[in-house]
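S.K.: sequence first, predicted model second:
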Amino acid sequence: MPLEIDGAMGEGGGQVLRVSTALSAILGTPIRIQNIRVKRSPPGLRPQHKTAVEALSRMSNASVEGLRVGSTSLSFTPEGLEGGHFSFDTGTAGSISLVLQSLLPVMAFSRAPSRVEVRGGTNNPFAPAVDYLEEVLLPTVSSMGLPASLHLVRRGFYPRGGGIVVAEVDPVERLQPITLTEFQNVKEVSGVAYSARLPCHIVDRMAQSARRTLEAAAYPNVKMRLECLQPNDKGCAVNPGTGILLFAKIQPRGVIGSDSLGELGKPAEEVGHEAASTLIEQLAPRAPVDKFLGDQLIPYMALASGTSVLRVSELTLHAVTCMAVSTLVTGSRFTMVGSLGSSAIITCGGRDQSR
């Protein structure tokens, strides 16, 4: 009998689907998910969710029922993980990062090295930017013994998407536990202000605004990279788009990230200030794991070969939901010291999953 999962648990979004199917593929546990995204409008699977499950089914030789846009129930029965080369397309500006969030832990436990190309949106509202995965998530999971890399070939923005990202992972025998609790100081702050098919003064203004905001909060000497791509440039997006990402390296280790997207009618100065203000807010609790990374690390902690401990800048409903799903599928146990909306310590005894 498949393991029954209520897709409406916790925050009730696509995360329940992504985490449960990824862990199902790794463990070889059949699952059935009901009430998928019933708290969202529109409910059910969206194109990026469908792409993620299709990708997982190919990588785990799974049989799937209910895999269509709008479906609120799905059965997923994996047969065994495979490595190799794969290519997937959301067909829209659906988030590449959310697809990769499902695939990366699965690639870690595949039978052979994997190379995956995903097409869609690289910088989306309500989803981590691909740059965030590259600068924050991957360096963190590398400390758990997972060798992985991302290559941003082309950015993709709403509505057409068209972004291209290539991920490569060498499988591991086991994931090592992680402890990230100490915050001594901020070693450096860096970032990238980017645009496509727009005047280059926009990236300058975003970067200057972010610098001013950070300097006013006693974070000087911000290292900014400016990326202004035009139609003839390699890697230029098919739609106009702009945004900024900021990263703070923490001593002794850790990276805190933030970002902000430009939109029609939103001044470049506001975009830069918004990203900087979010970074300052995430640094204030003096925790080495930001609220965005906290929930992304939960599945890795559940699979690791020992006890992992994180101090997060803010405990979110996303993280609590991810812990509930991970416990349900893997049997790993999480404990939390702290409350929603505040800094917290998360501890997990991993299941010592092996390839």
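M.R.: Cool, the structure landed. Numbers count the residues shown, from 1 in each chain.
S.K.: where along the protein do the helices fall?
M.R.: 14-27, 47-60, 96-108, 130-132, 138-142, 201-216, 268-283, 291-303, 317-330 (DSSP state H).
S.K.: can you tell me which of those is nearest to N185?
M.R.: Closest of those to N185 is helix 268-283, at 10.3 Å (criterion: CB to CB). Bear in mind the C-beta positions are built from the backbone N, C-alpha and C, glycine included.
S.K.: give the buried residues for the closest one.
M.R.: 268, 270-280, 282-283 (16 or more other CB atoms under 10 Å).
S.K.: just stretch 83-99 next, same as before
M.R.: Those would be 83, 86, 88-90, 92-99, for stretch 83-99 by 16+ other CB under 10 Å.
S.K.: those residues: which two are farthest apart?
M.R.: Longest distance between any two of the buried residues of stretch 83-99 is 28.6 Å, between G83 and A93; criterion CB to CB.
S.K.: what bits of the stretch 51-200 of the chain have low per-residue confidence?
M.R.: Applying pLDDT under 70 to the stretch 51-200 of the chain picks out no residues at all.
S.K.: swap the cut-off to 90 and go again
M.R.: Scanning the stretch 51-200 of the chain with the threshold set as pLDDT under 90 gives 82-83, 91-93, 126.
S.K.: which stretches in it count as strands?
M.R.: Using DSSP state E, counting those that start in this stretch, the strands of the stretch 51-200 of the chain run over residues 63-65, 74-77, 84-89, 114-120, 148-154, 163-169, 179-180, 185-196.
S.K.: and this protein, what are its domains?
M.R.: Residue ranges for the domains of the chain, per automatic domain parsing: 1-79, 81-172, 173-181+287-355, 182-283.
S.K.: what about the first one, start to end distance?
M.R.: The stretch domain 1-79 measures 15 Å between its terminal residues, going by CA to CA, to the nearest Å.
S.K.: any idea how far that domain is from the middle of the chain?
M.R.: Relative to the centre of its chain, domain 1-79 is centred 17 Å away, using CA atoms, centre = their mean, to the nearest Å.
S.K.: which residues touch the closest residue in space to E269 that isn't next to it in sequence?
M.R.: Leaving aside its chain neighbours, E269 sits nearest to S209 (4.2 Å; criterion: CB to CB, 6 or more residues apart in numbering). Contacts for S209 (CB atoms under 8 Å, 6 or more residues apart in numbering) come out as A268, E269, E270, V271, G272, H273, A276.
S.K.: apart from its chain neighbours, what residue comes closest to the first one?
M.R.: So the one you mean is A268. That would be R205: by CB to CB, 6+ apart, it lies 3.8 Å from A268.
S.K.: could you do the third one as well?
M.R.: Nearest residue to E270, sequence neighbours excluded (CB to CB, 6+ apart): S209, at 7.6 Å.
S.K.: again with the last one
M.R.: Counting by CB to CB, 6+ apart, T213 is the residue found nearest to A276 once chain neighbours are left out, at 3.7 Å.
S.K.: that neighbour - how many residues pack around it?
M.R.: When neighbours are counted by other CB atoms under 10 Å, T213 registers 21.
S.K.: per-residue pLDDT of it, please?
M.R.: What the model reports as pLDDT for T213 is 98.
S.K.: just Q48 next, same as before
M.R.: For Q48, the pLDDT comes out at 87.
S.K.: mind saving the C-alpha coords of stretch 332-339 as PDB?
M.R.: Provided in PDB are the C-alpha atoms of stretch 332-339 (Å, rounded to 0.1, in the frame of the first residue of the first chain):
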ATOM      1  CA  SER A 332      13.700  10.900  10.700                       C
ATOM      2  CA  ARG A 333      12.800  13.000  13.700                       C
ATOM      3  CA  PHE A 334      13.200  16.800  14.000                       C
ATOM      4  CA  THR A 335      13.200  19.000  17.100                       C
ATOM      5  CA  MET A 336      12.800  22.800  17.200                       C
ATOM      6  CA  VAL A 337      13.800  25.300  19.800                       C
ATOM      7  CA  GLY A 338      12.100  28.600  18.900                       C
ATOM      8  CA  SER A 339       8.800  29.700  17.400                       C
END
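S.K.: quick one: buried residues of that stretch?
M.R.: Neighbour counts over stretch 332-339 (16+ other CB under 10 Å) mark S332, F334, M336, G338 as buried.
S.K.: how about the contacts of S209 in a markdown table, adding pLDDT and distance to L317?
M.R.: As requested, the contacts of S209 are arranged in a markdown table below (pLDDT from 0 to 100; distance: CB to CB, whole Å):
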| residue | pLDDT | distance to L317 |
| --- | --- | --- |
| A268 | 98 | 32 |
| E269 | 98 | 31 |
| E270 | 99 | 27 |
| V271 | 99 | 26 |
| G272 | 99 | 28 |
| H273 | 99 | 26 |
| A276 | 99 | 25 |
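S.K.: nearest to A167, of these?
M.R.: A167 has its nearest neighbour among those in V271, at 27.4 Å by CB to CB.
S.K.: that closest one touches T242, doesn't it?
M.R.: Yes. Shown here, V271 and T242 form a contact pair, counting by CB atoms under 8 Å, at 7.2 Å.
S.K.: what residues do the two have in common as contacts?
M.R.: M206, L261, G262.
S.K.: from Q15, how far off is the nearest residue to L175 once chain neighbours are set aside?
M.R.: Excluding its sequence neighbours, the residue lying closest to L175 (CB to CB, 6+ apart) is A304, at 4.3 Å. Distance, A304 to Q15, using CB to CB, to the nearest Å: 20 Å.
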